[in-house]
Structures are given as structure tokens and as C-alpha cells.
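A.B. asks: turn this into a structure:
(one chain, ligands or ions: 2)
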Amino acid sequence: MNNTPVFDYEDIQLVPNKCIIKSRSEADTSVKFGKHTFRLPVVPANMQTIIDEEIAEYLAKNDYFYIMHRFDEAARRPFVEKMKAQGLISSISVGVKDNEYEFIDELAEAGLVPDYITIDIAHGHSDSVINMIKYIKEKLPESFVIAGNVGTPEAVRELENAGADATKVGIGPGKVCITKVKTGFGTGGWQLAAVRLCAKAARKPIIADGGIRTHGDIAKSVRFGASMVMVGSLFAAHEESPGKTVEVDGQLFKEYYGSASEYQKGEHKNVEGKKILLPHKGNLQDTLTEMEQDLQSSISYAGGKDLESLTKVDYVIVKNSIWNGDSL
Ligand SMILES: NC(=O)C1=CN([C@@H]2O[C@H](COP(=O)(O)OP(=O)(O)OC[C@H]3O[C@@H](n4cnc5c(N)ncnc54)[C@H](OP(=O)(O)O)[C@@H]3O)[C@@H](O)[C@H]2O)C=CC1
Ligand SMILES: Nc1nc2c(ncn2[C@@H]2O[C@H](COP(=O)(O)O)[C@@H](O)[C@H]2O)c(=O)[nH]1
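C.D. replies: Ligands and ions are numbered 1, 2, ... in the order given. Okay, here's the model as predicted:
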């Protein structure tokens, strides 16, 4: 590992190619992921302060990918039923504890097959995740299974071999993650290099998860092999965001907290996440639109017409060329 180049998003600049389109609006940012095609290779993090049922429905209706979080367990079945009744994509998260096996049984017995199921735990390279992948694939073989989180090529291969249709890469690079400081482990500080390593080993799609601080980081993730990019903080604090609104000195902020924080868990045990306040932003759609436009520009700089063109561009490593870490 010590001979492996390590870098993060701010250390990389993509090198432009000759433009082949007349307008950035010609650039196609859509991506096929599983059986469906989405407008952007971006998915809001499956966290309680980022997504709720209303946002999920909005995203599904407007052809964006979404993953509902798993923290309101009882709401998941009615959510799948509601989405199916509307002809919308159903995409939920599960954990690995015993009751989750019962939940999978319940869905299978009712013939309710979610289009996407994400197995969402901190340390995804584990038998508990491997067993859950196998169980879902046995009971709900038509569901597309995303498994994570992992940070190594070995983990990607093992989860793929167990039957995962995609893996989610990122241990500790998130804005509200404290895994790096609490445990000494993870991909925090070299997330983009970890995405590169994992993508090289992968035979199926990978989702780059965490550490996205600018829209340009989405293009960089695609360059280094991600099919989809999971984004938390950039989607937090919108008008529609579920995080609580807080007023400080006359200014409006919204809460964004980690799924492994005490605010999510309700107790201070195995805490690996924190809470921050982010300035209130506008509407979610404005951010999605800007993200799409910025990605269209990225595609034009890549000298292509679609996301594929981003995957081959040259890059240079310019250590900390823009700013250091989280100082946005
Ligand atoms: N991407 C990231 O860097 C991280 C993300 N998170 C997010 O926080 C949420 C909570 O995660 P998590 O605590 O895993 O969920 P859970 O509390 O549901 O834990 C899942 C199961 O895995 C066990 N477990 C969790 N971590 C470990 C570990 N390091 N070693 C062995 N067993 C473990 C737990 O047991 P027990 O609790 O008894 O150990 C539990 O049985 C998730 O949404 C996850 O994505 C959390 C940390 C890092
Ligand atoms: N180590 C922890 N990671 C967490 C926690 N809650 C969520 N996450 C991860 O962060 C990303 C979002 O990252 P961002 O940089 O875009 O804000 C999310 O998808 C999870 O993988 C946590 O409590 N601890």
C-alpha cells in the first residue's frame, strides 16, 4: 500500500480536451444504474437530515436516483407500497441485525420487491453484510443490491462475489464523520485514491460516498471510476431538507448530523459522527440544476458529449492546489 499514490479531491485537476459540442446544453449527464436511467450520477446520502419520503418522491418523479434511509424501520414497507402504487422507483436501506432478516421475509411474502436495496453499515467488509447480501439475493432476487461501506479492493471483490450488484466506497471522508479521529482508520484524506483503487478491482458499479465538497468533485469521481456519487453535506440545509432549522444571530441554519452520531443513535455509544449547522440554502432543485449544468461543463472540458468522456481524461496531481480539506 505504501507505494500506492494517495490523493484527495483537492489534489487533482483534470486536463481539458478540445471541445466537440456547440453548447453545454448538448452534454448528456444521464447514467444507467441497474435497470434504470437517471438524470445525474448523483444520489443524496441516505441520512435522516438529508432525505425524507417527500424528497424521495420528488426525486423519483423527476428521474433522479435516491436511497431512502433506514432509520424509521416501520415506515419502510408502507413507503415501498406507496412508491409502487404511483409507479415510482422504490429504493430503501437496511441494516444487518436480526430484525432486518424478518423485514426481508415480510417483503418477500407480500411480493413487494424494492427496485434497490442498500445495505448500509459502517464497516461493510464483514460477514454480517455478506450474509445479508446472500439472503436478499435468495429472497428478493430481482432487487438491485448495493452493499457498503468499504474502502479496499478486497472488500469490493468479496461483496461482489457474495452477490452485491454495486458497492459503496468511503469510510470516514464525510463532512460529519469522525471515524478517522475516533478510530485511526478509513479513507478520509485519500478518498479519491481509494475510489480509484476500488474501481480498478470492481467488476460492477461503485458508488463514491463522502467527501464531495464541490460540483467538480463529481466529475473527478467519475474520472476515477465511480458510476454514482453519494452526496451528503452539499444536499443538506435546503428549504426541503429534513434537518431542524436553527436561528443564530438572526441568520438561519439547518442541522446536518452523522448517522453514527448521538443525535441519530439517541445515546453516546460507538459514536462516529457529529452534528454541524449549515447556512440555510435555497431550494433543492436549484442545487440539482446547478450540479447538472456544472457537470455538463465538465463533459465539455473533457472533449465529449456524455459521462463516458470523463473517464479517460488526463489528470495532474497538484498537492492541495485549491484548499486544504474542509476549509470551504
Ligand atoms: N461511511 C462511513 O464512514 C460511516 C458511516 N456510518 C453510518 O452510520 C450508520 C450506523 O452505522 P453502524 O454503526 O454500522 O450501524 P448499526 O448500528 O446498524 O450496526 C450494524 C451492525 O454492525 C455492527 N458493527 C458496526 N460497526 C462495527 C464494527 N466496526 N465492527 C464490528 N461490528 C460493527 C453493530 O454492532 P455493534 O453496534 O454492537 O458494534 C451492528 O450489529 C450507518 O448509516 C452508516 O452508514 C457510520 C460510521 C462510518
Ligand atoms: N464516519 C461517519 N460517516 C458518516 C456518518 N453519517 C454519514 N456518514 C457518511 O458520510 C457520507 C456523506 O458525506 P458528505 O461528505 O457528502 O457529507 C454519507 O453518505 C455516509 O457514508 C457518521 O455518523 N459517521
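A.B. asks: list the contacts of the residue nearest the centre of the chain.
C.D. replies: Centroid-nearest residue in the chain, with CA atoms, centre = their mean: M230, separated by 1.8 Å. Neighbour list for M230: 42-46, 67, 168, 170, 207-210, 212 [criterion: CB atoms under 8 Å, 6 or more residues apart in numbering]. Bear in mind the C-beta positions are built from the backbone N, C-alpha and C, glycine included.
A.B. asks: what of D120?
C.D. replies: 46, 69-70, 93-95, 148-149, 168, 259.
A.B. asks: which ones among those residues are found in strands?
C.D. replies: Residues of the contacts of D120 located in strands (DSSP state E): 93-94, 148-149, 168.
A.B. asks: of these, the lowest pLDDT goes to which?
C.D. replies: On pLDDT alone, G148 ranks lowest of these, at 95.
A.B. asks: okay, now the closest residue to that residue other than its chain neighbours: neighbour count?
C.D. replies: Nearest residue to G148, sequence neighbours excluded (CB to CB, 6 or more residues apart in numbering): K168, at 2.9 Å. Using other CB atoms under 10 Å, K168 has 29 neighbouring residues.
A.B. asks: quick one: K168 and P205 touch, right?
C.D. replies: No. Assessed by CB atoms under 8 Å, K168 is found out of contact with P205, at 10.0 Å.
A.B. asks: what does the stretch 201-328 of the chain have sitting close to ligand 2?
C.D. replies: 209-212, 230-233, 258-261, 272-273 (CB under 6 Å from any ligand atom).
A.B. asks: intersect those residues with the contacts of ligand 1.
C.D. replies: Checking these against ligand 1 by CB under 6 Å from any ligand atom, the ones in range are 210, 259-260, 272.
A.B. asks: let me have the residues you listed in JSON lines, extended by neighbour count and pLDDT.
C.D. replies: Formatted as JSON lines, those follow (neighbours: other CB atoms under 10 Å; pLDDT from 0 to 100):
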{"residue": "G210", "neighbour count": "26", "pLDDT": "98"}
{"residue": "S259", "neighbour count": "26", "pLDDT": "98"}
{"residue": "A260", "neighbour count": "21", "pLDDT": "97"}
{"residue": "E272", "neighbour count": "23", "pLDDT": "96"}
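A.B. asks: in what element of secondary structure is V80 found?
C.D. replies: helix 76-85 (DSSP states H and E).
A.B. asks: list of residues touching that helix?
C.D. replies: In contact with helix 76-85 (CB under 8 Å, 6+ apart) are residues 53, 56-57, 60, 68, 70, 89-90, 92, 103, 106-107, 110, 112, 114.
A.B. asks: and the gap between H215 and M230?
C.D. replies: 14 Å (CB to CB, to the nearest Å).
A.B. asks: one more: A74?
C.D. replies: 25 Å.
A.B. asks: ok, which stretches of the stretch 1-150 of the chain are helices?
C.D. replies: 53-61, 76-85, 98-109, 127-139 (DSSP state H, counting those that start in this stretch).
A.B. asks: same check on the stretch 151-300 of the chain?
C.D. replies: 153-162, 179-183, 191-201, 216-223, 262-265, 284-302.
A.B. asks: what does the stretch 1-150 of the chain have sitting close to ligand 2?
C.D. replies: Counting by CB under 6 Å from any ligand atom, the stretch 1-150 of the chain comes close to ligand 2 at 45, 47, 149.
A.B. asks: the first one is in contact with V229, isn't it?
C.D. replies: Just to be clear, that refers to A45. No. Using CB under 8 Å as the test, A45 is too far from V229 to be in contact (10.4 Å).
A.B. asks: which neighbours do those two have in common?
C.D. replies: Joint contacts of A45 and V229 (CB under 8 Å, 6+ apart) are D209.
A.B. asks: give me the number of residues near Y101?
C.D. replies: 16.
A.B. asks: now it: how far from ligand 2?
C.D. replies: Note on Y101: its distance to ligand 2, by CB to the nearest ligand atom, to the nearest Å, is 23 Å.
A.B. asks: with L14 instead?
C.D. replies: Applying CB to the nearest ligand atom to L14 and ligand 2 gives a distance of 20 Å.
A.B. asks: per-residue pLDDT, that residue?
C.D. replies: 98.
A.B. asks: and for N324?
C.D. replies: 49.
A.B. asks: ok, now M1?
C.D. replies: 79.
A.B. asks: do the one 10 residues further on as well
C.D. replies: Note for D11: predicted pLDDT of 94.
A.B. asks: burial measure for it, as a count.
C.D. replies: By other CB under 10 Å, the residues close to D11 number 21.
A.B. asks: ok, P279 next?
C.D. replies: By other CB under 10 Å, neighbour count at P279 equals 10.
A.B. asks: leaving out the residues flanking it, which one is nearest to it?
C.D. replies: Per CB to CB, 6+ apart, closest to P279 is F253, 5.8 Å.
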